[in-house]
Each structure stands twice: as structure tokens, then as C-alpha cells.
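Asks: Model the structure of this input:
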Amino acid sequence: MNVRIYLLGTGTAIPLRRGLPCIVLKINSHLYVFDIGEGCQQRLINMGLSPIKIKSIFITHAHGDHSLGLFGLLQSMHLMDMKNPLNIVVPREIYVLLEEMIEMKLVKPGFTINPSIVREGDVYSDDNVKVYAFPVKHSIPAYGYLAIVKDKYRIVYTGDTMYCEDVVKHSQGAHLLIHEATFASIDQDKAREEKHSTAVDAAIAASKAGVKTLVLTHISPRYNDTSILYYDAYRYFKNTIVA
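Replies: Okay, here's the model as predicted:
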């Protein structure tokens, strides 16, 4: 079994230095996409990842930087002659928007789409992976995802969130925690105001959950040198990577 993680978008809503949020879990030849900011289909193709290999898409919340790439991706899949059905787990707002765009023929998938509204609990499973959704704390309703690969690997992606005990709970013993870290600790007041996390928040969650590796993502473009985020987190959790 070949399992890989591709971090195709690790920035915030203004993509000055990094792409909009998009994470791909590849299990053998199958792709599972978590968040789909604009331009993700181009980055998929540039990495040699075929959009028609995507089995399921999971969106954490309805903010545009995490969701608006969905419609372009669906059109690319259609033009690439996608045949297999696609599962999509999305917030209610995106579910309604997708239905309206299909009804108005602004999106013409040409293949079967199985959409569902994200909720707490089991949201998807197949022979490769089981995916669970859990609520996090952001400025609008938002969810993180826990992916369990072949009952062997546990991978958690928070999406956008403040420090949240639900993240700690669902990350217990995880092999990989991909946690938003929009701000450095020097900007913690701004983080609280915007309901985002600092690198310290992410590291404390990783430490309390006993994860093996922490990856910081959703990095604000205000930081020319991201080492400030790394050293913030390193004080609390050593095995940290800045995406």
C-alpha cells in the first residue's frame, strides 16, 4: 500500500506566496481531496495527479478560499472524460450552491456526483479509508476531518479553527496532524479576533494529543520568514514541519 500526502495549497485567502487551501491524500492510485481552493486543479495536474482519479472531496467550511475551486475542478473532470462516480462532502451552503449551478447548467459534470452535507460522525468509507468529521471553532460552522487509512494510519486535518479540544480528542495518537497556524504568537490577539490558531496553539494541540508529526498550514502572507512559526511551535512540540 502506497500512502502519500500532497500539500497543494497552504496559504490563506490572499494567495501572494502560497496557493489556496488544498490537501490530497493518495492511497495507491486513488485520490481524496480535503478543501479545494481556486486553482487546485492546475496544481493537481502539475504534480502529476489526475483529477479523474479523485474518489471523494471533503470541504471543511464555506469560506471561498476553501471551497470555490470545486466548480472549476468539476468542469475539468468533465472535460477529461471522468467516468467514475464522485463523492462530495460539503457544508450546506456549498451543497445548495452546487445544486443550483447544476440546475442552471453552469456546471455540467457528465458523471455521477453523490453530494452530502457534512455532519459530525462518519461521512465516508471505502476499502481504503474511513473519514470522520468533527466540529471545530471558527467564525462560521466548520469541521475538521480524521482519515483512517486501512486501520493503520490516522491523519487529521483541522481546516480553519481556533485552539479546540475537539481537535485534541480526535487527534489522539495520530500519525499526522495538519493544523492551521495562520498567525505567530506575537499576533495572538489577531488570531483570537479572527478565530484562527497560532503556531503555538497548533503545537499545544499536537502535544496534548500525542501525535507523531505536526504540519503547520494556512500560513498568513504577512510572514516573509516562516521560521518564526516553526520556532513558536518547536518550543511545545519538536516534530514540527511548516508546510
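Asks: can we go C-alpha only for contacts and neighbour counts from here?
Replies: Fine.
Asks: could you show me where the helices are in the chain, in order?
Replies: 40-46, 64-67, 69-79, 92-103, 165-170, 188-194, 199-209, 227-234 (DSSP state H).
Asks: buried sites along the fifth one?
Replies: This means helix 165-170. For helix 165-170, burial by neighbour count (16 or more other C-alpha atoms under 10 Å) applies to Asp166, Val167, Val168, His170.
Asks: sorry, back to before: save the helices of the chain as TSV, and put in mean pLDDT too.
Replies: Shown next, in TSV, are the helices of the chain (pLDDT from 0 to 100):
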stretch	mean pLDDT
helix 40-46	92
helix 64-67	96
helix 69-79	93
helix 92-103	93
helix 165-170	97
helix 188-194	96
helix 199-209	98
helix 227-234	97
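Asks: Now do the closest residue in space to Val242 that isn't next to it in sequence: how many residues are near it, please.
Replies: Residue nearest to Val242 in three dimensions, not counting chain neighbours: Leu216, with 4.8 Å by C-alpha to C-alpha, 6 or more residues apart in numbering. Neighbours of Leu216 under the rule other C-alpha atoms under 10 Å: 23.
Asks: show me the contacts for Leu216.
Replies: Listed by C-alpha atoms under 8 Å, 6 or more residues apart in numbering, the contact partners of Leu216 are Ile178, His179, Glu180, Ala181, Ala199, Ala202, Thr240, Ile241, Val242, Ala243.
Asks: now swap in Leu86 and tell me
Replies: Leu86 neighbours (C-alpha under 8 Å, 6+ apart): Ile54, Lys55, Ser56, Ile57, Phe111, Thr112, Ile113, Asn114.
Asks: Report the beta-bridge partner residues of it.
Replies: Ile113 (DSSP bridges).
Asks: how near is it to Gly110?
Replies: 11 Å (C-alpha to C-alpha, to the nearest Å).
Asks: And for Ala243?
Replies: As for Ala243, its distance to Gly110 is 35 Å (criterion: C-alpha to C-alpha).
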